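Coordinates only, no sequence provided:
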C-alpha cells in the first residue's frame, strides 16, 4: 500500500474541513471549547477515576462520551465541567449495566463536591440525560470483558 496518495487525500480533506467547517489553525479563534479545555476536563476525570479506584474502561468511556458529545453539539466553556462530570457518571452507569461488577456508582452530590464542579447534583443528572439522548446510548458503551 502506497502512503503518498493517502497523505495527499488527507491533506485535501483537511483543507476542505477548514473551508467548510471553519476549523483548523488558520480559522479565527472561537468562543467554544478549546482542545486544552477538553484536556483539562479529561484530567479531572482521571483524578475521579483514581479517587474511586475504578477500572480504566470507565475513564475511557467517559472521555469518549465527552468527545462524541462535543463533536455533535456546540457547548459553552462554562458548561464543560458539568458535561465532564455528567459524562463520568454516565460512564459509571454504563459500566455497571454492561458488566455489573462496579463496586460503587458514585453519587452525583459526591462527584460534584470532589470534582469542584460549579453545577449541582440535579444539574449533573439533567446534563447526564441530555448526554444520553445525544449519544443515543448505544454508540458509546463499555467494551465486553475479555
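Arrived safely, thanks for sending. Treat the numbers as computed from the prediction; the structure is a model and nothing was measured.

pLDDT score assigned to residue 56?
pLDDT for residue 56: 90.

Point out where this protein drops to low pLDDT.
1-3, 16-31, 137-146 (pLDDT under 70).

mind checking the longest helix of it?
The single longest helix within the chain, with elements called by DSSP state H, is helix 80-99.

How far does that one sit from its chain's centre?
9 Å (Cα atoms, centre = their mean, to the nearest Å).

What is the next helix or strand after it packed up against?
The first helix or strand that comes after helix 80-99 along the chain, using DSSP states H and E, is helix 108-115. In terms of contact count using 3 or more Cβ pairs under 8 Å, 6 or more residues apart in numbering; DSSP states H and E, helix 108-115 is assigned the packing partners helix 35-52, helix 80-99, helix 121-135. Just so you know, the C-beta spots here come from the backbone N, C-alpha and C atoms, and that holds for glycine as well.

Name the residues of the second one that are buried.
Going back to what we said before, that points to helix 80-99. Under the neighbour-count criterion of 16 or more other Cβ atoms under 10 Å, helix 80-99 has 80-96, 98 buried.

So which elements touch it?
Helix 80-99 packs on helix 35-52, helix 56-72, helix 108-115, helix 121-135, going by 3+ Cβ pairs under 8 Å, 6+ apart.

how many degrees apart are it and helix 121-135 in direction?
For helix 80-99 against helix 121-135, the angle by axes from the mean of the first three to the mean of the last three Cα atoms, to 10 degrees is 70 degrees.

With respect to residue 9, which of the helices and strands packed on helix 80-99 lies nearest?
helix 56-72 (21.3 Å; Cβ to Cβ).

contacting residues around the closest one?
For helix 56-72, contacts defined as Cβ atoms under 8 Å, 6 or more residues apart in numbering pick out 33, 38, 41-42, 45-46, 49, 75, 83-84, 87-88, 90-92, 94-95, 102, 131, 134-135, 139-143.

Just the buried residues of it, please?
For helix 56-72, a neighbour-count test (16+ other Cβ under 10 Å) marks 57-59, 61-66, 68-70 as buried.

Against residue 94, how distant is the closest residue to residue 92 other than its chain neighbours?
Among residues not flanking residue 92 along the chain, residue 105 sits closest, at 4.8 Å (Cβ to Cβ, 6 or more residues apart in numbering). Using Cβ to Cβ, to the nearest Å, we find residue 105 at a distance of 10 Å from residue 94.
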